[in-house]
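**Q** The following comprises the amino acid sequence and a computationally predicted model.
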Amino acid sequence: MNRFRMAFLSTPWLAPLKNFFAKKSAVDSAVTESRPLAAASLSAEAARPSPQSSPQAVQSPVVPPVVLPSTDPLPVPANETERLAALESYNVMDTLAEAEFDALTKLASQICGTPVALMSLIDGDRQWFKSKVGTDATETPRDISFCQHAIMEEKVFEIPNALNDPRFVANPLVTGDMHIRFYAGAPLTNADGYNLGTLCVISPEPQQLSEMQKESLRTLAAEVAARLELRRKQMELTRKNTRLEETLSTLTSTQDQLVQSEKMASLGQMVAGLAHEINTPLGYVRSNVAELGELHTEMKTLIDSFRTMQHLLTTGDYDALAAKVADNEAMLADADAAFYDLAQDRFRESIDGIDRIKDLILNLKDFSRLDEADMKKADLNSGLDSSLKIAGNLLKHRIDVVKYYGDLPLVKCYPAKLNQVFLNLITNAAQASDRTGTEKAGTRGRITIATSLTTTTDGDRVVIEVSDNGHGIAPENLKKIFEPFFTTKPVGKGTGLGLSIAYKIIAQHGGKISVTSTVGEGTAFKIELPIAAEATLQPSTLFADEPTAAAPEPALPKPPFQTDGKKKSADIFAD
């Protein structure tokens, strides 16, 4: 602000301020002196004979009227407080020049034929020039501005000759070096009706605008006001975009955390199932080791008895030795049969348990494919089996699983990602088919998994179908099933991201996933994958597009599905 004040004080506009009061005093003195002279002149005129009585009448010179400065207070808009608040909302004061406003100001100067044109904005104590032509000034005090009067009007405010107007005759901008004679200003009225300033034209010579020029000045002022409004909206849009980008960044981070949460939830299910599957064979091993320990104790007792017999033989106590031998023979006969039979059984059970743990570890490795970061050809039937093994704890004792596997070629894919999809579908099917605590309690749920190869106009595609005989999905929820965060589970049960992530994984493999469901009968998911997909999976793009569930088919297929393959197995997770 000080910079603009200094710039203004260095301009010739304020030079008249230094001698304003001196000139005003001179004007007052001139007026005072003229009054007795005028009275004397009138007395002399009265003493002269009239033209009718004198053959030679004398004509007196015409004296121009003296315009006295106005003493009225400076006009202020009735809505001044609101007007100033509106001006501040534009955040335009003391900003750099802008070409679009300069062009309109220059056009106003050309149309009105004036050397000076200004886009003036009036705040509490000054008028500041956002755009200017014909002057280097940046602002003037509000109390000597012509524009202060112009913002009181709705039309063009025009002063043809400031020397003839009491409001401006003694104005420093008129009496000083600026030498303003002509002024015309059109108010800059915003959409709320507040006059923020003016678009004005100024000349050192008296003149008057034509109606066409006035109309043009009003039109240009309206355009300036519209550009100011557009500028404010653009700035507001920029601020909103900045906030939106910050919010989007926060949401992206939150989504990444939720995706990780979904993965951890799946990992928790896997760990629970694996813990159960590993604990069972480990229990066999622990139990068998305990029994073998008991047999070891019995064998140690026999060894001690033989040592006692050896001692008796050495000392010659043959009667005691004979009795001990008889006891040991009976014990040895019992121990021999029991030890070898039991040891053989227990060792076999322990080896079986260790083999089961080994299989679980291999299945887990096959499921996760931790050593494979790139696409490769994989056996999807094997991936389904690995996923079933991981979900085994959810299925045992409650769910029957029937598999109809067709003869499939190897499919180019990210195996671990597809296994994640398979596990999600199997887990959802198991939870939907669990009849514990329902009216169908005591009956078993059923999951059917079928794979097949089909030929389409786009080439050969692998089809994977996972269906259940659970409670089904209501039609109004079916179309939202693949949307992020949508879930039909109780609050706290899952994030609602599983199927959304599955949708993205399948789509980014170049495939598609659809769902059909009938309430009370069950749900079926169908996946179609190209055999050789050029897919690129990026975790950050999991929610790039909002998925939409495929349109429901007329009726839910009844398991088992009819496929091109034969029934490979009917693996029942039974007691």
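**A** Perfect, I can see it now. Residues are numbered from 1 along each chain as shown.

**Q** How about residues contacting stretch 517-527?
**A** Residues outside stretch 517-527 that contact it (CB atoms under 8 Å, 6 or more residues apart in numbering): 421, 425, 429, 432-433, 463-475, 478, 506, 511-516, 552, 555-557, 559. For the C-beta atoms, the positions are set from N, CA and C on the backbone; glycine is no exception.

**Q** ok, now stretch 72-79?
**A** 83, 142-143, 148-149, 151-152, 167, 194-195.

**Q** Can you select the buried ones from the contacts of stretch 517-527 in ChimeraX?
**A** Buried residues among the contacts of stretch 517-527 (16 or more other CB atoms under 10 Å), as a ChimeraX selection:
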select :421,425,429,432,433,463,464,465,466,467,468,469,470,471,472,473,478,506,511,513,514,515,516,552,556,557,559
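
**Q** In helices only, show me the contacts of stretch 517-527.
**A** 421, 425, 429, 432-433, 475, 478, 506 (DSSP state H).

**Q** ok, so of the residues you listed, who is nearest residue 105?
**A** Comparing the ones in helices among the contacts of stretch 517-527 against residue 105 with CB to CB places residue 506 closest, at 61.0 Å.

**Q** Surely that closest one and residue 513 touch.
**A** Yes. In this structure, residue 506 is within contact of residue 513 by CB atoms under 8 Å, at 4.5 Å.

**Q** Now the common contact residues for the two.
**A** In contact with both residue 506 and residue 513: 421, 527, using CB under 8 Å, 6+ apart.

**Q** Give me the longest strand you can find in this protein.
**A** Looking across the chain with DSSP state E, the single longest strand is strand 445-456.

**Q** by contact count, what packs against that one?
**A** helix 380-390, strand 399-404, helix 415-433, strand 459-468 (3 or more CB pairs under 8 Å, 6 or more residues apart in numbering; DSSP states H and E).

**Q** Swap in 6 Å and give it another go.
**A** With contacts defined as 3 or more CB pairs under 6 Å, 6 or more residues apart in numbering; DSSP states H and E, the packing partners of strand 445-456 are strand 399-404, strand 459-468.

**Q** any chance of the ones you listed in CSV, plus mean pLDDT?
**A** Formatted as CSV, the helices and strands packed on strand 445-456 follow (pLDDT from 0 to 100):
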stretch, mean pLDDT
strand 399-404, 92
strand 459-468, 93
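
**Q** Which one, of those strands, ends up nearest to residue 106?
**A** strand 459-468 (66.2 Å).

**Q** hmm, who's touching the closest one?
**A** 408, 411, 425, 429, 432-433, 447-452, 454, 522-531, 559, 561 (CB atoms under 6 Å, 6 or more residues apart in numbering).

**Q** Show the buried residues in those residues.
**A** 408, 411, 425, 429, 432-433, 447-452, 522-531, 559, 561.

**Q** Tell me which residues touch residue 205, please.
**A** Contacts of residue 205 by CB under 6 Å, 6+ apart are residue 181.

**Q** Phi first, then psi, for it.
**A** For residue 205, the backbone dihedrals are phi -120, psi 140 (criterion: degrees, to the nearest 10).
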